[in-house]
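[1] model this:
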Amino acid sequence: MRKRSGKPQLITDAERSVEEELRFREIRYVIMMSLRAVCVVVAAILVAVHVPLLPLWLALCVAGAVVLPWSAVLLANDRGPRPENKLRNRLRKQAPVPVQPVRALGEDEETIHKVIDAEQ
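    Residues are numbered from 1 along each chain as shown. The predicted structure follows:
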């Protein structure tokens, strides 16, 4: 028998709760800023050890230390798009299919009820 996991399975298109979305953004921010700290520490170690291709490694570490905080702040302050702006919802909204009149058995074209508009 399969063991049940603690989380229920998601079977709906419902959005995440505000608290859950905020928690996800906080975790992503902390991870990105931790990577920035790792870049700074690695750069300091590389300078102390005098590794080959030192300028290349330092450029990569400095780029990480500069770009990661900028992107971390942008991603931490970014919320998901509104439901009406999501691409998948735009693709789902298709032109309505025209409804064909239903005919009873034995009816021909003249007996189908037609709607007469006053503006015609």
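[2] so where's this protein uncertain?
    Residue ranges of the chain with pLDDT under 70: 1-5, 9-14, 81-120.
[3] Check which helices and strands the longest helix belonging to the chain is in contact with.
    Scanning the chain for the helix with the most residues, using DSSP state H, yields helix 18-49. Taking 3 or more Cβ pairs under 8 Å, 6 or more residues apart in numbering; DSSP states H and E as contact, the helices and strands that helix 18-49 lies on are helix 54-77. The way it works is simple: take the backbone N, C-alpha and C, and place the C-beta from them, glycine included.
[4] on that earlier part again, what residues of the longest helix of the chain count as buried?
    25, 29, 32, 36, 39, 42, 43, 46 (16 or more other Cβ atoms under 10 Å).
[5] leaving aside the residues next to it on the chain, what's closest to the last one?
    Once its chain neighbours are removed from consideration, residue 46 has its nearest residue in residue 57; the separation is 5.1 Å (Cβ to Cβ, 6 or more residues apart in numbering).
[6] Contacts only, for that neighbour.
    The contact partners of residue 57, by Cβ atoms under 8 Å, 6 or more residues apart in numbering, come to 42, 43, 46, 51.
[7] From residue 36, how far off is it?
    Going from residue 57 to residue 36 by Cβ to Cβ, to the nearest Å gives 16 Å.
[8] Pretty sure residue 21 sits against residue 76.
    No: Residue 21 lies out of contact with residue 76 (Cβ atoms under 8 Å); the separation is 11.3 Å.
[9] circling back: need the buried residues of helix 18-49 in TSV with distance to residue 6, can you?
    What follows is these, written out as TSV (distance: Cβ to Cβ, whole Å):
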residue	distance to residue 6
25	22
29	25
32	27
36	32
39	35
42	36
43	40
46	42
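[10] count of residues packed around the spatially closest residue to residue 33 that is not a sequence neighbour?
    By the measure of Cβ to Cβ, 6+ apart, the closest residue to residue 33 outside its immediate chain neighbours is residue 72, 5.6 Å from it. Residue 72 is surrounded by 20 other residues when neighbours are defined as other Cβ atoms under 10 Å.
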